[in-house]
Each structure stands twice: as structure tokens, then as C-alpha cells.
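In: kindly generate the corresponding structure for this input.
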Amino acid sequence: MYDLSYTEENYLKALHHLFLNGVEYDPAFEGTGTNELAEYLEVKPASVTDMLKRLRIKELINYQPYKKISLTDKGRLVGLRVIRKHRLWECFLSDKLSFSWDEVHEVAEQLEHIKSPKLIERLDHFLGYPEYDPHGDPIPRPDGSMPKVHTMRLGEGKIGIKYRVVAVKDNSVDFLQYASQLGLSLNSRLQILEKIPFDHSLRIMLNNKNERISGKFASQVLISEWR
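Out: Below you'll find the model as predicted:
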């Protein structure tokens, strides 16, 4: 296996995120384009092209100019391992060091590039082998497999049914701070009281309070039925 730079690992991680369907990997997804990847990484397309050529030489991606980019099996496994480290470090920062869920991402971005497999194995053991990170995203197992997640967006829920918050799709500081102000966190219990067709906003019962949330916000919250 090649020794990869931070930037190369970040590209593989970004490609993996672009191949996600909700929070699960979609094997039927055919790939993404250079411009889409450049937009996701906030870099120039020319820089992306140079990196893609390097990753192709290392047999981590399938790439031809003007065609879709896809991960090879080896590239997907490397990307998953970076994501695994990132999400385990988020658990550590949240559970053991009391970082809030809007703070952990930036620090985990730095820690995810630590190379020691033994350290990550012991970190996983120390944390009790968690399956989900503080944002509800599944943590890849050492072999690259993922815990199954069965969710829907909050806006797709039915009126009167009790749900719990399973994950959030938006990990930005602004979104997470707003969610915290509402009192919404992982495993929060809520009930949809009303759907407003005009702007797709919702009235929900959360923490015994009647709240109105926008359709945009609801589209970033993943829920499952409370059982």
C-alpha cells in the first residue's frame, strides 16, 4: 500500500462522501465529475485534475478525462479508513473531552491522518466499539463494512408518529449551533404536529415545546421511528 499524503487522503475521503446515498454507500452510483469534486473541495478544477492523475497511478481511482471518477476497491477501503479514524476521534473528543458536536469536526480533521493502526485499534476498544459518531454517522468497521442505517428525512415523517433523531446531514457550525439552540441532538424524541405546504416548514413537539422549523432545516435531520 502506498504511503499517502494528507491531501491524497482528503481526496479519497471527499470522493467517498460524494458517493454516499444519505448515510449509506450506494454501490450503484456510477461516479462523480471533476467540477463536482472541485466544488466540494473548494479548489480549482486544474488542481483536481493533477491529483486525480496521481491517484490513478496508485490504482486508487478509475479516471479518464471528461468521464466520471470512481473509486477502486482499494481506494474505497483507504477512504473508509480515513473516515473511520475521523469518526472515532469525534467520539473521543465528544465523549471523553466534552467537546460540543459543533466543535469536534475541525479537530478530528487533523487527527484523522495519524498513521498508527495500533492506536486506532486501541482507541476503538477504549471507546467501547461505537457504531455511530456524535453526528449520527456510521463508523466504518476495520474491514470497511458499515453499520446499517435505516432513516428518513424529518420532512418525510408522518404527522402524529413519534420519531428519534438518528443523524444530521449538515455538520457545519452554524447548523449544529442552531440545532443546539432548539434543543435538538442525537436521540432527541420528537413528533410532527403539522406540515405547512406553502414553504414545507413543520411544527414539531420537541422537548415538550412546540417549535416551528424550516423545510431547509428539516431536510438535514435524519430520523427513524421511535420503538
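In: for the protein, name the helix or strand with the lowest mean pLDDT.
Out: One helix or strand of the chain scores below all others by mean pLDDT, DSSP states H and E: strand 24-25, with a mean of 48.
In: so after that one, what's the next helix or strand?
Out: As assigned by DSSP states H and E, the chain's next helix or strand after strand 24-25 is helix 34-41.
In: residues in contact with that next one?
Out: Contacting residues not belonging to helix 34-41 are listed as 10-11, 14-15, 17-18, 44-45, 47-49, 52, 69 [CB atoms under 8 Å, 6 or more residues apart in numbering]. From N, CA and C alone the C-beta is placed, and that goes for glycine too.
In: with respect to Pro130, which of the residues you listed is nearest?
Out: Nearest to Pro130 among the contacts of helix 34-41 is His17, at 19.8 Å by CB to CB.
In: for the longest helix along the chain, C-alpha coordinates in CSV please.
Out: When the chain is parsed with DSSP state H, its longest helix is helix 73-95. What follows is helix 73-95, C-alpha atoms only, in CSV (Å, rounded to 0.1, in the frame of the first residue of the first chain):
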residue,chain,number,x,y,z
ASP,A,73,-11.9,-1.2,-4.3
LYS,A,74,-8.5,-0.3,-2.8
GLY,A,75,-9.3,3.4,-3.0
ARG,A,76,-12.6,2.9,-1.3
LEU,A,77,-11.1,1.0,1.6
VAL,A,78,-8.4,3.7,2.1
GLY,A,79,-11.1,6.4,2.1
LEU,A,80,-13.2,4.4,4.6
ARG,A,81,-10.2,4.0,6.9
VAL,A,82,-9.7,7.8,7.0
ILE,A,83,-13.4,8.3,7.7
ARG,A,84,-13.2,5.6,10.4
LYS,A,85,-10.4,7.4,12.1
HIS,A,86,-12.2,10.8,11.8
ARG,A,87,-15.4,9.5,13.4
LEU,A,88,-13.6,7.6,16.2
TRP,A,89,-11.7,10.8,17.1
GLU,A,90,-15.0,12.7,17.1
CYS,A,91,-16.4,10.2,19.6
PHE,A,92,-13.3,10.6,21.8
LEU,A,93,-13.5,14.4,21.7
SER,A,94,-17.2,14.4,22.4
ASP,A,95,-17.5,11.6,25.0
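In: how about whatever helix or strand comes next after that helix: buried residues?
Out: Under the assignment DSSP H and E, the closest C-terminal helix or strand after helix 73-95 is helix 104-111. Across helix 104-111, burial judged by 16 or more other CB atoms under 10 Å covers 104-105, 108, 111.
In: one more: stretch 115-127?
Out: Neighbour count says stretch 115-127 has 120, 123-124 buried, by 16+ other CB under 10 Å.
In: repeat for stretch 65-80
Out: For stretch 65-80, a neighbour-count test (16+ other CB under 10 Å) marks 69-72, 75-80 as buried.
In: what sits up against it?
Out: For stretch 65-80, contacts defined as CB under 8 Å, 6+ apart pick out 1, 4, 9, 12-13, 15-16, 19, 30-34, 37, 49, 52, 55, 59-63, 140, 144, 146.
In: tally of neighbours for the closest residue to Asp124 other than its chain neighbours?
Out: Leaving out its chain neighbours, the residue that sits closest to Asp124 by CB to CB, 6 or more residues apart in numbering is Leu88, at 5.9 Å. The local packing of Leu88 (other CB atoms under 10 Å) involves 24 other residues.
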